[in-house]
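*Asks:* build me a model from this:
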Amino acid sequence: MKFITTIIFTVFVTFFSFSQYSKEYEILTEKLIAADTLNFEEYYKNGEIKEKGTVLTYKIGDYSADYYFGDYFQYFRNGKVKMKAEFDRFGNLLSQKCYLNFGGLCSESTTLEIDSETKDLEELLRVDEKTKVISTDKFYNYSMKLDSMYLKKEGKMIGNKKMGIWKIYSRSGELIDEKQY
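*Replies:* Numbering: from 1, shown residues only. Next comes the predicted model:
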């Protein structure tokens, strides 16, 4: 029975999984394997944690490249979370949430698509500009009147540039403008 359940689960995951990667990107990177893995933690002088995460190292010939991988955290000096992020095995940001010192969410990003203009693995590792990352991003503001954070604007980005329609909201959540990029 356990064997049948495992097979059904595997088939379900295979058919219904969503991948951010283009087929070309998957083919290009499928043979690249990390040469080393380093889990790290860094601390402030006051003893509070500053950041923690994992770094993967890839080597092609004489060239090596280090990339964040998996869950990554940054902290304020008081120990509160400043940023939570998740990276794929090549350092591409998959999701990110940034917080203010008092804990309010100030921005979040979710990757929709990852592709590369290059067909060469060494070039992929050397030149970040060749990798195209499309994400949905949301930015929040603090309202003294509401005494809370509210969604100020949201839209898609390609790299660090806005694209498509961006929506801008009032403190009450009312759509007040749309801008085309």
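
*Asks:* residues contacting the residue nearest to Ile49 when sequence neighbours are not counted?
*Replies:* Among residues not flanking Ile49 along the chain, Tyr75 sits closest, at 5.2 Å (CB to CB, 6 or more residues apart in numbering). For the C-beta atoms, the positions are set from N, CA and C on the backbone; glycine is no exception. Neighbour list for Tyr75: 48-51, 81-82 [criterion: CB atoms under 8 Å, 6 or more residues apart in numbering].

*Asks:* who is Tyr75 paired with across the strands?
*Replies:* Val81 (DSSP bridges).

*Asks:* ok, so what distance separates it from Glu24?
*Replies:* Distance of Tyr75 to Glu24, computed by CB to CB, to the nearest Å: 37 Å.

*Asks:* residue boundaries of the helices in the protein?
*Replies:* 2-16, 23-29, 121-126 (DSSP state H).

*Asks:* one step back: got the contacts of Tyr75 as JSON lines, with pLDDT columns?
*Replies:* Shown next, in JSON lines, are these (pLDDT from 0 to 100):
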{"residue": "Glu48", "pLDDT": "96"}
{"residue": "Ile49", "pLDDT": "97"}
{"residue": "Lys50", "pLDDT": "98"}
{"residue": "Glu51", "pLDDT": "98"}
{"residue": "Val81", "pLDDT": "97"}
{"residue": "Lys82", "pLDDT": "97"}
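
*Asks:* quick one: buried residues of stretch 85-100?
*Replies:* By neighbour count on 16 or more other CB atoms under 10 Å, the buried set for stretch 85-100 is 85-94, 96-99.

*Asks:* what does stretch 48-56 give?
*Replies:* By neighbour count on 16+ other CB under 10 Å, the buried set for stretch 48-56 is 50, 53-56.

*Asks:* which residue comes closest to Ile176 once chain neighbours are left out?
*Replies:* Using CB to CB, 6+ apart and skipping the chain neighbours, the partner closest in space to Ile176 is Ser170 (5.0 Å).

*Asks:* so what's the residue count around the closest residue to Lys152 other than its chain neighbours?
*Replies:* Closest residue to Lys152 apart from its sequence neighbours, by CB to CB, 6+ apart: Asn141 at 4.3 Å. Neighbour count of Asn141, defined by other CB atoms under 10 Å: 13.

*Asks:* what do you get for the one 10 residues further on?
*Replies:* Using other CB under 10 Å as the criterion, Leu151 is surrounded by 17 other residues.
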